[in-house]
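In: Provided below for reference: sequence and predicted model.
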Amino acid sequence: MRIKTLKRISLLPIVAFLPLFTACDTQVDWLVIETEIQEVCMVDLVSEFEGVTPIPGGPEGIVRRVLGTEDLGITLSDKFSAEMYLRGVGIYSADGVESFDFINTLRVEVAAGNAPVVELLSFDASAENGDALFVSSKSAVDLAAYIEADDMELRVEFSGTMPEQAWSANLEVCLNAKAAYRETL
C-alpha cells in the first residue's frame, strides 16, 4: 500500500506541469498588465515660425508643424497592444507674439506611409484667442496603427494673417490611451 501512495505522489508534479508541455505550439500569456490613461500630454514642443510679409488682399498664411513619433516620445513594441486617441491640441505663447488673435483656423491631421491622411480636429477660432488656445478633439481614429508604422506624421496647421516678425509657440498634444503589456511563454 505504501508503494502505491509514493507512486501517486511522484506523478503529481508531472501531471501539474502537463498543460505547459502540451501548449508548446501556442503562446500562453503568463503576465498581462492593462491600464487606461484618461489624459497624457506631451508639452513644450517648441515650434519656431518665420515672419510673413503681408500681401494686401492676398490669401491667408498657413503654418504647419509636423510631429513624428520621436517628437512625441511614443514607441510601441510587439509586447504592447494599445488604443490611442487624440484628446486635444494646445498652443501657448512663447516669443514674438502676445496673443494668437491672428489664428483663424486650427487643423490636425495624421498620416503614415500609404494610408490616407485623416483629419482629427478642425476648429474655427474666435476673434480673441488670447495667449493660449486649447482645442478638444472627439476623434474616434485610433492612432496606435499610425504610431506602429514608424513614419507617422501628426500635422498641426494654423491659418490666418500671420505675424510679420518671427515667432515661436509651445505646442501641447494630449492623448487618451488604453494599453496592455503581454509577456508570453
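Out: Noted; the coordinates are in hand. Numbering: from 1, shown residues only.
In: Strands along this structure, start to end?
Out: 29-49, 61-67, 80-95, 103-111, 118-124, 132-136, 153-160, 167-184 (DSSP state E).
In: Give me the sheet partners of the third one and which way each runs.
Out: What that stands for is strand 80-95. According to DSSP bridges, strand 80-95 forms sheet pairs with strand 132-136 (antiparallel), strand 167-184 (antiparallel).
In: quick one: which of the ones you listed is nearest residue 143?
Out: Nearest of the strands paired with strand 80-95 to residue 143, taken as Cβ to Cβ: strand 167-184 at 7.0 Å. The way it works is simple: take the backbone N, C-alpha and C, and place the C-beta from them, glycine included.
In: Flag every buried residue along the closest one.
Out: Residues 167, 169-177, 179 are the ones in strand 167-184 that count as buried (16 or more other Cβ atoms under 10 Å).
In: likewise stretch 76-94?
Out: 76, 82, 84-91, 93-94.
In: export that stretch as CSV, just CAs?
Out: Extracted in CSV, the C-alpha atoms of stretch 76-94 (Å, rounded to 0.1, in the frame of the first residue of the first chain):
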residue,chain,number,x,y,z
LEU,A,76,5.3,50.6,-29.2
SER,A,77,6.9,47.1,-29.2
ASP,A,78,5.4,43.8,-30.1
LYS,A,79,4.7,43.2,-26.4
PHE,A,80,2.3,46.1,-26.2
SER,A,81,-1.1,46.5,-27.6
ALA,A,82,-2.7,49.9,-27.4
GLU,A,83,-5.5,52.2,-28.4
MET,A,84,-4.7,55.9,-28.6
TYR,A,85,-6.9,58.8,-29.4
LEU,A,86,-6.3,62.5,-29.8
ARG,A,87,-7.8,64.3,-26.8
GLY,A,88,-6.7,67.8,-27.8
VAL,A,89,-4.1,70.2,-29.0
GLY,A,90,-2.9,73.4,-27.2
ILE,A,91,-0.8,76.3,-28.3
TYR,A,92,0.8,78.6,-25.8
SER,A,93,2.6,81.9,-26.5
ALA,A,94,6.4,81.7,-26.3
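In: Many thanks, I have nothing further to ask.
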